[in-house]
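K.L.:
Just the structure for this:
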Amino acid sequence: MRVRSTTVVCVRRDGKVALGADGQVTMDKVVLKHGARKLRRLGDGQVLAGFAGATADAFTLFEKFEGKLKEYGKNLPRAAVELAKDWRTDRYLRRLEALLLVADAERTLILSGTGDVVEPDEGVAAIGSGGPFAQAAASVLLKHSQLQARQICEEALRTAARICIYTNEQLTFEEL
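P.N.:
So this is what the prediction gives:
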């Protein structure tokens, strides 16, 4: 059985960054949990992180990423690249199935186990089953509304929840 879950979206506007996630965890055709917490504050609260994928794998990656942030003085891009290198080359880590979406006051990055560290062109990034839906909604709202970053995040997640069966409306947010 494959565990499916998650929509995580990050929005930047007017010097603010908001990260939001739904709470649903699904295995096959069954919802296992409605209120999972998929967001964390790392780097003494200066970095927001969300995950999509296997929960135990995500917790391992959060710990490793926290270590990289400490090692590289909370330099988000450097910590992300170093984690991605380890994730790709380490025998244990490369079996982890998850994506991370991380943001600080200046940057948003998506990290994968294939060594990707991607900084989106716009002020929007999303991961997970409903990620494409949330990203599309957030991009339109960012361009055609005056909503604040968190409001855009919330509306994008609600849109994804209406479309993606692996996303619900039990939302959590973190902001910088």
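K.L.:
contacts and neighbour counts: CA atoms only from here.
P.N.:
Will do.
K.L.:
does the nearest residue to residue 167 once chain neighbours are set aside count as helix, strand or coil?
P.N.:
Among residues not flanking residue 167 along the chain, residue 161 sits closest, at 4.8 Å (Cα to Cα, 6 or more residues apart in numbering). What DSSP: H, G, I helix; E, B strand; the rest coil gives for residue 161 is helix.
K.L.:
Which pLDDT value belongs to residue 28?
P.N.:
pLDDT, residue 28: 78.
K.L.:
Can you give me the separation between it and residue 18?
P.N.:
From residue 28 across to residue 18, the span is 30 Å (Cα to Cα, to the nearest Å).
K.L.:
Same question for residue 76.
P.N.:
Going from residue 76 to residue 18 by Cα to Cα gives 16 Å.
K.L.:
again with residue 135
P.N.:
Separation of residue 135 from residue 18 (Cα to Cα) stands at 13 Å.
K.L.:
related to what we said a few turns ago, residues in contact with the residue nearest to residue 167?
P.N.:
Taking Cα atoms under 8 Å, 6 or more residues apart in numbering as the contact definition, residue 161 lies against 130, 167, 168, 169.
K.L.:
Most neighbours among those, which one is it?
P.N.:
Neighbour counts for the contacts of residue 161 peak at residue 167, which has 30 neighbours (criterion: other Cα atoms under 10 Å).
K.L.:
How about the secondary structure of that one?
P.N.:
Going by three-state DSSP: residue 167 is coil.
K.L.:
does it really touch residue 8, like I thought?
P.N.:
No - Residue 167 lies out of contact with residue 8 (Cα atoms under 8 Å); the separation is 9.7 Å.
K.L.:
and stretch 9-18, how far from the chain's centre?
P.N.:
Computed by Cα atoms, centre = their mean, to the nearest Å, the separation of stretch 9-18 from the middle of its chain amounts to 13 Å.
K.L.:
mind exporting that stretch as PDB, just the C-alpha atoms?
P.N.:
Below are the C-alpha coordinates for stretch 9-18, written out as PDB (Å, rounded to 0.1, in the frame of the first residue of the first chain):
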ATOM      1  CA  VAL A   9       2.300  25.700  -0.200                       C
ATOM      2  CA  CYS A  10       4.600  28.700   0.400                       C
ATOM      3  CA  VAL A  11       3.700  32.300  -0.600                       C
ATOM      4  CA  ARG A  12       5.800  35.400  -0.400                       C
ATOM      5  CA  ARG A  13       4.300  38.900  -0.600                       C
ATOM      6  CA  ASP A  14       5.400  42.300   0.700                       C
ATOM      7  CA  GLY A  15       8.300  41.000   2.700                       C
ATOM      8  CA  LYS A  16       6.200  38.300   4.400                       C
ATOM      9  CA  VAL A  17       6.400  34.600   3.900                       C
ATOM     10  CA  ALA A  18       3.600  32.100   4.800                       C
END
